[in-house]
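Student: Coordinates only, no sequence provided:
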């Protein structure tokens, strides 16, 4: 996973720079979301990964699906990614672009995963503590993962704060093996 994000990062940074210079954050965000969805489709992904299908055919297909729905420059992006066998990176590029967009707006994106559904007040309290810690506005998404047993895991960028029972049990297992 880290390798994909490393390869996707220069593309996301370049797109963020274009969006910053042209004031097209929203348009690029929407376009990258659509491109990521198109390339994540099982049939399109199979075509992308099929070495017997020429890059030009894959580009034509993706551009055809995106016709009239993309920002200026998106066709060039698709062409460059196809030529470098990087179309499968579009979902990761979109994620990193959104992170850059949030950073440009002065907002941190936080993903809160809890063992049980949290009430809005609980999410707001967590966000308030994160805002105090990072001195920036925090936009949070919330997921539920029962395998955590209890507690929460908060991910902000590359940083993960694990306050889950599953995480504590894993720490104990490592400590007991030493």
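Tutor: That came through, no problem. Predicted model, so just to flag it, every value in this text is computed and none were measured. Numbers count the residues shown, from 1 in each chain.

Student: now the strands for this protein?
Tutor: 107-114, 137-144, 151-156, 159-164 (DSSP state E).

Student: For residue 47, which non-adjacent residue is spatially closest?
Tutor: Spatial nearest neighbour of residue 47, chain neighbours left out: residue 53 (5.3 Å); criterion: C-beta to C-beta, 6 or more residues apart in numbering. All C-beta spots, glycine's among them, are computed from the backbone N, C-alpha and C.

Student: Surely that neighbour touches residue 46?
Tutor: No - look at residue 53 against residue 46 with C-beta atoms under 8 Å: they stay out of range, at 9.0 Å.

Student: out of those two, which sits in the busier spot?
Tutor: residue 53 (13 against 10; other C-beta atoms under 10 Å).

Student: if I look at the more buried one, how far off is residue 7?
Tutor: According to C-beta to C-beta, to the nearest Å, residue 53 stands 21 Å off from residue 7.

Student: go on, residue 79?
Tutor: 18 Å.

Student: what does residue 69 give?
Tutor: Relative to residue 7, and taking C-beta to C-beta, residue 69 is found at 26 Å.

Student: ditto for residue 51
Tutor: 19 Å.

Student: between the two, which one's more packed in?
Tutor: Using other C-beta under 10 Å, the more surrounded residue of residue 51 and residue 7 is residue 7, with 14 against 6.

Student: Give me the neighbour count for the nearest residue to that one once chain neighbours are set aside.
Tutor: Closest residue to residue 7 apart from its sequence neighbours, by C-beta to C-beta, 6+ apart: residue 89 at 6.2 Å. Residue 89 has 21 neighbours, counted by other C-beta under 10 Å.

Student: For this protein, which segments count as helices?
Tutor: Per DSSP state H, the chain carries helices over the ranges 2-22, 25-40, 42-49, 55-66, 74-83, 90-104, 120-134, 165-177.

Student: what residues does the third one touch?
Tutor: If you take C-beta atoms under 8 Å, 6 or more residues apart in numbering as the criterion, helix 42-49 is touched by 38, 39, 53, 57, 58, 61, 62, 65, 82, 87, 88.

Student: what's the domain layout of this protein?
Tutor: 2-102, 107-177 (automatic domain parsing).

Student: Comparing those domains, which comes out most buried?
Tutor: domain 2-102 (a mean of 16; mean count of other C-beta atoms under 10 Å).

Student: Figure out how far that domain is from the centre of its chain.
Tutor: 12 Å (C-alpha atoms, centre = their mean, to the nearest Å).

Student: One more: stretch 95-110?
Tutor: Worked out by C-alpha atoms, centre = their mean, stretch 95-110 lies 10 Å from the chain centre.
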